[in-house]
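Colleague: give me coordinates for this.
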Amino acid sequence: MTTPTTTCKILFASSEAYPLIKTGGLGDVSGALPSALAALGQEIRLVLPAYREVLEQKGRIKKIARMDLPLGRVTLLEHLLPGSRVKVWLVDFPPYFDRPGNPYHGANGLPWPDNAERFALFCQAVHALALDQAGVGWKPDLVHCNDWQTGLVPALLSRHGERPATLFTIHNLAYQGLFPESTFGVLDLPWSFWSSEALEFWGQLSFLKGGVVFADRINTVSPTYAREIQTPQFGCGLDGLLRHRSDRLTGILNGIDRGWNPARDPALTKNYSLRNPEGKSANKRALQRELGLPPSAGTPLLAFVGRLVEQKGIDLLLEILPEITELPAQMVFLGSGERHYEESLRRMARLHPERISVRTGFDEPLAHRIEAGADIFVMPSRFEPCGLNQMYSLRYGTPPVVHRVGGLADTVVDTTPATLRNGTATGVVFDEASGSALLEAVKRAVLLYGEQKRYWRPMQRHGMAQDFSWKSSAERYLELYRETLGGRISPD
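Modeller: Residues are numbered from 1 along each chain as shown. As a prediction, this is how the structure comes out:
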């Protein structure tokens, strides 16, 4: 055991990190949390695969080591996370990572057929770095692994007596990194791992299970989701194991990046803030014009931004969209996902061009303008480990309508007679994942919007005043690191 110190050496392993590469919330967290931890005085290295998209970005990249791993010889490159002083180590192996586009699937939308080998090699590299087998002269106190792509790291490290502590964060339990039994034999893993007590999951190889079984501590991205995944409804078949390890399982709410700030957001038509909220109406008018909707200050503008998949409740929203068109309201959509959902939304937009506007694809600046210009944000996810858009909406004075699950339950206070009286309400919450419950919640929000002075503006102000900063979340992670290390980091 090392001497107590206020600084922890953290190796932060992830398959994506914004702004280098991002497909979803994991990228946001992996880009923001290391920077926030560094600002708290921690010594951190972020390790990622060296995807083509990452290597094509500006900035100096230098070779610092080579490693002979069971699945191949890799080069270790060093870069800086843009906008920070966090060092990024890139695991370069062109046969696996020099590919266009998405880190996980090809242009046809199907997973790369060798994903097991790709991320097993990445885990082998992280394992070697954790033990300083690359010879770079830096050994972490703790390895923080994220999601299934890094799930083999705690398993590999568990075989060493002298090793760093391990923390495994589950960002979304539904994605488990499952592969056929035949895959196990080609990954050069110890045969002792092929067991229901280790990586075997109903006859398949589960990367994520490696993190859940072998990590010293497990956490997920909201307190409510940490409880939910211990139930059959949300546990994806791992609820029994998670209940077994419940004394090692916690939930820490994600923060949101400083770039999501209406007072300084360069994507907006006019900046505004809690103290000076007048600019929000100018953003609404500009957004209506941009998306081809008739400008109308008094008509509530609803918005959905997210992946067009069942998890996000897009099917529930499509079910009630005809009824929404009968309300005195407009609605905008931004997202991409399953083709039939995209086509259904476009069809509704053609039928109701003055009520509905749809943009498919990923457009970060437009997402910011929608958060600023909309009046009501609709987020009917069937499950939501944390969720970021509801926090963006609160910060931008756009009260959200959310399903009471996961991080949505932890961040949005429902409008009830009591919360409206005491001024704590920040949005509208519904309990049942059904179209009828969602429609009632939307109608409730539209009615509240009509009570601008009495209810809506106080609700906007209270939402904008919430602290969802990464500094707050990073402090909670640092305390979890201390617990994982058994007190080897002393509190300040």
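Colleague: ranges for the helices of the stretch 51-200 of the chain?
Modeller: Secondary structure of the stretch 51-200 of the chain, counting by DSSP state H, counting those that start in this stretch: helices at 52-55, 94-97, 115-130, 152-157, 181-184.
Colleague: the last one: how far from the chain's middle?
Modeller: Taking the mean of its C-alpha atoms, helix 181-184 sits 29 Å from the chain's own mean (CA atoms, centre = their mean, to the nearest Å).
Colleague: CA atoms only: put it into CSV for me.
Modeller: Extracted in CSV, the C-alpha atoms of helix 181-184 (Å, rounded to 0.1, in the frame of the first residue of the first chain):
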residue,chain,number,x,y,z
GLU,A,181,-18.6,-18.9,-27.8
SER,A,182,-16.3,-19.5,-30.7
THR,A,183,-14.8,-16.0,-30.3
PHE,A,184,-13.4,-16.8,-26.9
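Colleague: what's in contact with the helix or strand following that helix?
Modeller: For helix 181-184, the succeeding helix or strand toward the C-terminus, using DSSP states H and E, is strand 200-201. If you take CB atoms under 8 Å, 6 or more residues apart in numbering as the criterion, strand 200-201 is touched by Q176, L178, E181, W194, S206, K209, G237, L238. C-beta coordinates here come from the backbone N, C-alpha and C atoms, glycine included.
Colleague: neighbours around Y104, how many?
Modeller: Neighbour count of Y104, defined by other CB atoms under 10 Å: 16.
Colleague: now swap in G259 and tell me
Modeller: When neighbours are counted by other CB under 10 Å, G259 comes out with 16.
Colleague: ok, now the one 10 residues further on?
Modeller: In terms of burial, T269 registers 17 neighbours under the definition other CB under 10 Å.
Colleague: tell me the phi and psi of the closest residue to it other than its chain neighbours?
Modeller: Spatially, and ignoring its direct neighbours in sequence, T269 is nearest to A286 (4.0 Å; CB to CB, 6 or more residues apart in numbering). Backbone torsions for A286, taken as degrees, to the nearest 10, come to phi -70, psi -40.
Colleague: which residues touch A286?
Modeller: Applying CB under 8 Å, 6+ apart, the residues contacting A286 are T269, R369, G373.
Colleague: just put these in TSV and tack on distance to T224, pLDDT and secondary structure.
Modeller: Putting the contacts of A286 into TSV (distance: CB to CB, whole Å; pLDDT from 0 to 100; DSSP: H, G, I helix; E, B strand; the rest coil) gives the following:
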residue	distance to T224	pLDDT	secondary structure
T269	35	96	coil
R369	30	98	helix
G373	30	98	helix
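Colleague: of those, just say which sits nearest to F430.
Modeller: Nearest to F430 among the contacts of A286: G373, at 23.9 Å, using CB to CB.
Colleague: just confirm the closest one contacts S281, I think it does.
Modeller: No: the criterion here is CB atoms under 8 Å, and G373 misses it with S281 at 9.1 Å.
Colleague: more neighbours: which of these two?
Modeller: Between G373 and S281, counting by other CB under 10 Å, G373 is the more crowded of the two (27 against 14).
Colleague: deepest-packed of the helices of the stretch 51-200 of the chain, please.
Modeller: Compared across the helices of the stretch 51-200 of the chain, helix 152-157 shows the largest average neighbour count, a mean of 26 (mean count of other CB atoms under 10 Å).
Colleague: any idea of the pLDDT on K453?
Modeller: Turning to K453, the model gives it a pLDDT of 88.
Colleague: burial check on it, number of neighbours?
Modeller: Residues near K453, counting by other CB under 10 Å, number 7.
Colleague: so who does it touch?
Modeller: By CB under 8 Å, 6+ apart, K453 lies in contact with nothing.
Colleague: gap between it and F12?
Modeller: With distances taken as CB to CB, to the nearest Å, K453 is found 47 Å from F12.
Colleague: quick one: end-to-end length of stretch 444-462, please.
Modeller: With CA to CA, to the nearest Å as the measure, stretch 444-462 spans 18 Å from end to end.
Colleague: ditto for stretch 258-265
Modeller: 9 Å.
Colleague: and for that stretch, what's in contact with it?
Modeller: Where contact means CB under 8 Å, 6+ apart, the residues beyond stretch 258-265 that reach it are 268, 271-273, 279-280, 368, 371-372, 391-392, 395-397, 469-470.
Colleague: cutoff 7 Å now
Modeller: Stretch 258-265 is contacted by residues L268, N271, Y272, S273, H368, A372, Y392, R395, Y396 when judged by CB atoms under 7 Å, 6 or more residues apart in numbering.
Colleague: look at the fifth one and give its secondary structure.
Modeller: Okay, so that is H368. When classified by DSSP: H, G, I helix; E, B strand; the rest coil, H368 comes out as helix.
Colleague: residues contacting the nearest residue to it once chain neighbours are set aside?
Modeller: Nearest non-adjacent residue to H368, counting by CB to CB, 6+ apart: A267, 3.9 Å away. A267 sits next to P365, H368, R369 when contact means CB under 7 Å, 6+ apart.
Colleague: so how do I select the buried members of those residues in ChimeraX?
Modeller: Buried residues within the contacts of A267, by 16 or more other CB atoms under 10 Å, are selected in ChimeraX with:
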select :368,369
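Colleague: and which of the contacts of A267 is nearest R346?
Modeller: Using CB to CB, R369 comes nearest to R346 of these, at 20.3 Å.
Colleague: re the thing from before, CSV for the contacts of strand 200-201, including distance to C386 and pLDDT?
Modeller: Listed next are those as CSV, based on distance: CB to CB, whole Å; pLDDT from 0 to 100:
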residue, distance to C386, pLDDT
Q176, 18, 97
L178, 23, 98
E181, 33, 95
W194, 33, 97
S206, 22, 98
K209, 21, 98
G237, 21, 97
L238, 18, 97
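Colleague: looking at those residues, which are in strands?
Modeller: Judged by DSSP state E, strands contain the following of those: L178, S206.
Colleague: from the contacts of strand 200-201, which single one is nearest A329?
Modeller: Q176 (38.8 Å).
Colleague: so what's the residue nearest to that closest one when sequence neighbours are not counted up against?
Modeller: Distance criterion CB to CB, 6+ apart; nearest residue to Q176, sequence neighbours excluded, is L208 at 4.2 Å. By CB under 7 Å, 6+ apart, the residues touching L208 are W148, G151, Q176, G177.
Colleague: thinking the third one is in contact with Q149, fair?
Modeller: Pointing back at Q176 there. No: Q176 is not in contact with Q149 according to CB atoms under 7 Å; the separation is 10.9 Å.
Colleague: tell me which of these two has more neighbours.
Modeller: Neighbour count, other CB under 10 Å: between Q176 and Q149, Q149 has more, with 27 against 22.
Colleague: ok, the residue nearest to L274 when sequence neighbours are not counted to F12 distance?
Modeller: Closest residue in space to L274, ignoring its immediate chain neighbours: M464 at 4.4 Å, by CB to CB, 6+ apart. Going from M464 to F12 by CB to CB gives 30 Å.
Colleague: between the two, which is the more surrounded one?
Modeller: Neighbour count, other CB under 10 Å: between M464 and F12, F12 has more, with 29 against 19.
Colleague: tell me the pLDDT of that one.
Modeller: Listed pLDDT for F12 reads 98.
Colleague: try the one 10 residues further on
Modeller: The predicted local confidence for K22 comes out at a pLDDT of 90.
Colleague: right, and it touches S14 too?
Modeller: No: at 10.5 Å, K22 does not count as touching S14 under the criterion of CB under 7 Å.
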